[in-house]
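K.L.:
pasting the sequence and the predicted coordinates here, then a few questions.
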Amino acid sequence: MDKIQRVRSAIAGHEVDRIPAGFWTHFPPAASTGRAMADAHLDFYRRSGVDFVKVMNDNPYRLVGLDRIDRPSDWRRLRPEPRDSSGRLAYLDGVKAILDAVGHEALVIVTVFNPFATANDNRSGSLDFSDLTFGGISAHLKEDPEATAAA
């Protein structure tokens, strides 16, 4: 049974030769995007022997239209990051390199962040993870749910 068959069979509730194994880690900032990201993930995959690759996304969404979010009304000024922004394209190039290298031998799962947590952690313009209780965004949602939810 190969890695793809093993994971798909386990998900479907079918018999497997062994329980699929997977674990992952965050890589240093220098390996967060592009070829460096791909190389870090591929090295980890090959050295660990896991049954699937979980691609970490250590790339915060840029705040477009403002520098930081201090008040609930600030959320209304937030604009979507262009799909062709250099940061997004470099990340996608890294994902493509991973798929090209191992997509035939293992499933590749790409992290999609929870929008609520991402918005909370990104209010300062970078993922700082300083508000682990979600107090900031929760307060914004209570004060102005329409503006906050719109973003």
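P.N.:
Perfect, I can see it now. Residues are numbered from 1 along each chain as shown.

K.L.:
now do the SS call for Leu132.
P.N.:
coil (DSSP: H, G, I helix; E, B strand; the rest coil).

K.L.:
flag every buried residue along the strand or helix carrying His140.
P.N.:
Applying DSSP states H and E as the criterion places His140 in helix 135-143. Using 16 or more other CB atoms under 10 Å as the test for burial, helix 135-143 gives 136-137, 140-141. C-beta here means a position set from N, CA and C on the backbone, and glycine is covered the same way.

K.L.:
go through these and name the one nearest Ala119.
P.N.:
Nearest to Ala119 among the buried residues of helix 135-143: Ile137, at 5.7 Å, using CB to CB.

K.L.:
the closest one and Ala119 touch, don't they?
P.N.:
Yes - contact criterion CB atoms under 8 Å: Ile137 and Ala119 qualify, at 5.7 Å.

K.L.:
and for these two, which residues touch both?
P.N.:
By CB atoms under 8 Å, 6 or more residues apart in numbering, Ile137 and Ala119 have these common neighbours: Thr148.

K.L.:
how about Ser9, what does it touch?
P.N.:
Residues counted as contacts of Ser9 (CB under 8 Å, 6+ apart) are 1, 15-16.

K.L.:
among these, name the buried ones.
P.N.:
Burial by neighbour count, 16+ other CB under 10 Å: within the contacts of Ser9 this picks out Val16.

K.L.:
and the strands in this protein?
P.N.:
For the chain, the strands defined by DSSP state E occupy 52-55, 107-110.

K.L.:
packed most tightly, which of those strands would that be?
P.N.:
strand 52-55 (a mean of 20; mean count of other CB atoms under 10 Å).

K.L.:
so what does that one touch, helix or strand wise?
P.N.:
helix 34-48, helix 86-102, strand 107-110 (3 or more CB pairs under 8 Å, 6 or more residues apart in numbering; DSSP states H and E).

K.L.:
closest to Phe27 out of these?
P.N.:
Comparing the helices and strands packed on strand 52-55 under CB to CB, the one sitting nearest is helix 34-48, at 4.4 Å.

K.L.:
other SSEs contacting that closest one?
P.N.:
Packed next to helix 34-48, using 3+ CB pairs under 8 Å, 6+ apart, are strand 52-55, helix 86-102.
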